[in-house]
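K.L.:
okay, predicted coordinates and the sequence, questions at the end:
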Amino acid sequence: QVQLVESGGGVVQEGESLRLSCTASERPSTSAIMGWFRQAPGKEREFVATIRWIGTHANYADSVKGRFTISRDTAKKTLVLQMDNLKPDDTAVYYCALDQVRSVQYWDPAQYPYWGQGTQVTVSS
């Protein structure tokens, strides 16, 4: 059972940056995809960004394109989300997720069997 541990959330002002990290307890499979999702109060969990564990292909939600960058360090088994120019609408609990078999519907939270505990990001105006 893979465990994912996130860190890096916090409270920032609009326009500032935060960097989230997610470390896996074991190395993901070569076909794995990892991603970040977020959930604001009263809303459903939504796709933010995903990246293949092997390779550089990444996908982003339109709302974060150009502001967020997803990357991974395979040696450290770590996924990173660099968030720049943060906006109040980015306020949410951010979750790291892992799908070992790279499902086609990468944007669907239901495709991911492994989740971190979540880290709060709050952006004030």
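P.N.:
Ah, there it is. Residues are numbered from 1 along each chain as shown.
K.L.:
contact partners of stretch 10-28?
P.N.:
2-9, 34, 36, 53, 74, 76-88, 94, 96, 98, 100, 116, 119-125 (C-beta atoms under 8 Å, 6 or more residues apart in numbering). Placement of C-beta: from N, CA and C, glycine included.
K.L.:
try 6 Å this time
P.N.:
Contacts with stretch 10-28, where a contact means C-beta atoms under 6 Å, 6 or more residues apart in numbering, come from 2-8, 53, 77-87, 94, 96, 98, 116, 122-125.
K.L.:
quick one: distance of that stretch to the chain centre.
P.N.:
When distances are taken as C-alpha atoms, centre = their mean, to the nearest Å, stretch 10-28 is centred 8 Å away from the chain's centroid.
K.L.:
what is the end-to-end distance of it?
P.N.:
Criterion C-alpha to C-alpha, to the nearest Å; first-to-last residue distance in stretch 10-28 is 27 Å.
K.L.:
buried set for it?
P.N.:
12, 18, 20-24, 28 (16 or more other C-beta atoms under 10 Å).
K.L.:
strands along the chain, start to end?
P.N.:
4-7, 10-13, 18-24, 33-39, 46-52, 58-60, 68-73, 78-83, 92-99, 114-115, 119-124 (DSSP state E).
K.L.:
would CSV of those strands with distance to residue 106 be doable?
P.N.:
Listed next are the strands of the chain as CSV, based on distance: least, C-beta to C-beta, whole Å:
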stretch, distance to residue 106
strand 4-7, 17
strand 10-13, 27
strand 18-24, 16
strand 33-39, 6
strand 46-52, 5
strand 58-60, 6
strand 68-73, 12
strand 78-83, 14
strand 92-99, 8
strand 114-115, 14
strand 119-124, 21
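K.L.:
can you put the ones you listed in JSON lines and add mean pLDDT?
P.N.:
Shown next, in JSON lines, are the strands of the chain (pLDDT from 0 to 100):
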{"stretch": "strand 4-7", "mean pLDDT": "96"}
{"stretch": "strand 10-13", "mean pLDDT": "98"}
{"stretch": "strand 18-24", "mean pLDDT": "98"}
{"stretch": "strand 33-39", "mean pLDDT": "97"}
{"stretch": "strand 46-52", "mean pLDDT": "97"}
{"stretch": "strand 58-60", "mean pLDDT": "96"}
{"stretch": "strand 68-73", "mean pLDDT": "97"}
{"stretch": "strand 78-83", "mean pLDDT": "98"}
{"stretch": "strand 92-99", "mean pLDDT": "97"}
{"stretch": "strand 114-115", "mean pLDDT": "98"}
{"stretch": "strand 119-124", "mean pLDDT": "98"}
